[in-house]
Each structure stands twice: as structure tokens, then as C-alpha cells.
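**Q** When you get a sec, could you give me coordinates for this:
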Amino acid sequence: MKCLYCGKNNCPESWTFCNECGVNIKEYIKATDFIDKGLELEKNLEYAKAAEEYRHALKLKVPTDKILVHLERVVAKEETIIREMELGTELLRHKKWAKAIKMYEKILKTAPSFEKDILPNLMEARAMHSKKVKKATILISIVFIIIAVGTTFLYKWMHCPTQEALRTLKKSVLSNDILEKQEALDIIGRLQDNRLLPLVRESLKNNNPVIRATAARVLGELKDTTSISISLLKECLHDKDWQVSIEAAKSLALVGNVAGIEFLKKALK
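**A** Numbering: from 1, shown residues only. Predicted coordinates:
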């Protein structure tokens, strides 16, 4: 029988202790099982559970040097994540929403097992960041339109706002420029004008997740309760991009649809 600790193959099957190093072979086999489970959990970024497996191994009557190396490693990773979570909370307290979002998204990538602890703060940071951005949206939108379309459009906007604005917005929504398209959708939401509603719905199928998320939010701002829009928003709940799903759920909840409310409840758990 080969000793897993020293590697010597001089121990009969019936022996409990290694003839070479004196290690309790059967106990060390159990410890090895715990270590293997811990290493597998580490691969899945589940550091807390991995630490539990290593601690189980430490309770056995075997040499602890190799086990302690594994335990110290995962504990260090856990402590790093905890420090990052504390930093995220500090950023929230100082209203640094964008930095907090980056911090929490980084933690989710490196330690998805902390999702329940991080998700509420991440959603709060995204919501507050969105509000901050929205305050300047109208001004930014107007400036962008002036730069993009030029002084001619500005003159027409001033003298024939309704038709010219609608035509320009339609062109912007159909543009291949992502920023122009996004700003145009934002303006439609603030104008509360449903005449361009079909273009907003069509934008839900755009390849860019930023455009899909913006369109989903604008449908909520337009308070469109028609079956077509409700159906499209429900489809967006299953979008591969998390932000699109959240915006769709918020819009559904805004018009009182149960599907959106239930989705948000689950996301907060």
C-alpha cells in the first residue's frame, strides 16, 4: 500500500500507520478527499465552501502543513473579497455610483457565490447612477442633436418643432450610430410621444444590449400598456444581457404588470 503523504510503497493493506513516516494512512486518505473537494470548489470560485472542506481535513489526525497552505490561500481570497465589498459600501456612502458598480461587478466575476450579498448594493448603485445620468440627459440630447445635425436642423426645430423634430428623431433612431440612436430613444421617452412607438419596439431587437435596455426603459416611460409592448417586454425578461432584463422588468412593473414585479422580487433575493 502506498502512503499518500511520503509516497513510499512499503505499507501492507492491513496497516494503519506508514512504516516510513508514521502517518495515519486511513486518516490521510480522508483528508485527501476533503482537499480534493476544496480544490474543486476553488475552481468554481466558491472560496467559503472550499475553506470548510480544508477545515474538515484539519480536524483529522494527519500532518497539517499541506492543508494549511490551501486554507490560508482561500482565506486570503475571502478577505480580499470582503475588503472589496467594504470599499463598495464606502463608495455608495460617498455617492460614487459608477466606481461602486465597477467594484461590485468585479467581485461578481471573481466570486459569484457572493451574489446574494452584492446584488442589492449593485442594483442600488445602478439605479442611483441612472438617476444621475438622467438629470443631464435632456441637455446632452439637445447638444448632441445640434452637433450631429447642424445649424439647419436647429433653425427648423425652432420654427416647426413638431414635424421636423419627429422626422429628425426617426432618422436618429434608425441611425447606425449607437450613441445617436440611444439619445434619440431617450428624447422620445421624455417627450411622451407615442407616434414613434413602433421604432421603440423595433429597437428591442437591436444587436446592441445598450440599445435594447434603453428601448425597454423608454417603453415604460411611455406607459404603453398595449398587448404588443407588454409581450415584447416579457420576452426581454429572458434577454442574455442582465441590464436589458432589469429595464424590461422595471417597465412592466411601472405599468402594473405582475411579471415585472415578480422578476424584480426574485432579483432582489
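**Q** Can you name every helix or strand that the helix or strand Lys77 falls within contacts?
**A** Using DSSP states H and E, Lys77 maps to helix 65-93. Contacts defined by 3 or more Cβ pairs under 8 Å, 6 or more residues apart in numbering; DSSP states H and E place helix 65-93 against helix 25-43, helix 47-58, helix 97-110, helix 115-135. C-beta coordinates here come from the backbone N, C-alpha and C atoms, glycine included.
**Q** Please work out which of these is packed deepest.
**A** Of all these, helix 47-58 has the most neighbours on average by mean count of other Cβ atoms under 10 Å, namely a mean of 20.
**Q** Only alpha carbons, please: show it as CSV.
**A** Extracted in CSV, the C-alpha atoms of helix 47-58 (Å, rounded to 0.1, in the frame of the first residue of the first chain):
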residue,chain,number,x,y,z
TYR,A,47,-14.0,30.1,-1.5
ALA,A,48,-16.1,29.9,1.7
LYS,A,49,-17.2,26.3,1.0
ALA,A,50,-13.6,25.4,0.0
ALA,A,51,-12.4,26.7,3.3
GLU,A,52,-14.9,24.5,5.1
GLU,A,53,-13.5,21.4,3.4
TYR,A,54,-9.9,22.3,4.4
ARG,A,55,-11.0,22.8,8.0
HIS,A,56,-12.6,19.4,8.0
ALA,A,57,-9.3,18.0,6.9
LEU,A,58,-7.5,19.8,9.7
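**Q** From the contact counts, what lies against that helix?
**A** Using 3+ Cβ pairs under 8 Å, 6+ apart, helix 47-58 is in contact with helix 25-43, helix 65-93.
**Q** Check what contacts that helix and list those residues.
**A** If you take Cβ atoms under 8 Å, 6 or more residues apart in numbering as the criterion, helix 47-58 is touched by 30-31, 34-35, 37-39, 41-42, 64, 67-68, 70-71, 74-75, 77-78, 81, 111, 113.
**Q** where in the stretch 151-269 of the chain is pLDDT low?
**A** 151-165, 269 (pLDDT under 70).
**Q** Which residue ranges of it form strands?
**A** Here the stretch 151-269 of the chain has no strands by DSSP state E, counting those that start in this stretch.
**Q** hang on, the earlier thing: take the helices and strands packed on helix 65-93 and write them to CSV, including distance to Ala253 and mean pLDDT.
**A** Formatted as CSV, the helices and strands packed on helix 65-93 follow (distance: least, Cβ to Cβ, whole Å; pLDDT from 0 to 100):
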stretch, distance to Ala253, mean pLDDT
helix 25-43, 36, 80
helix 47-58, 33, 81
helix 97-110, 21, 82
helix 115-135, 13, 79
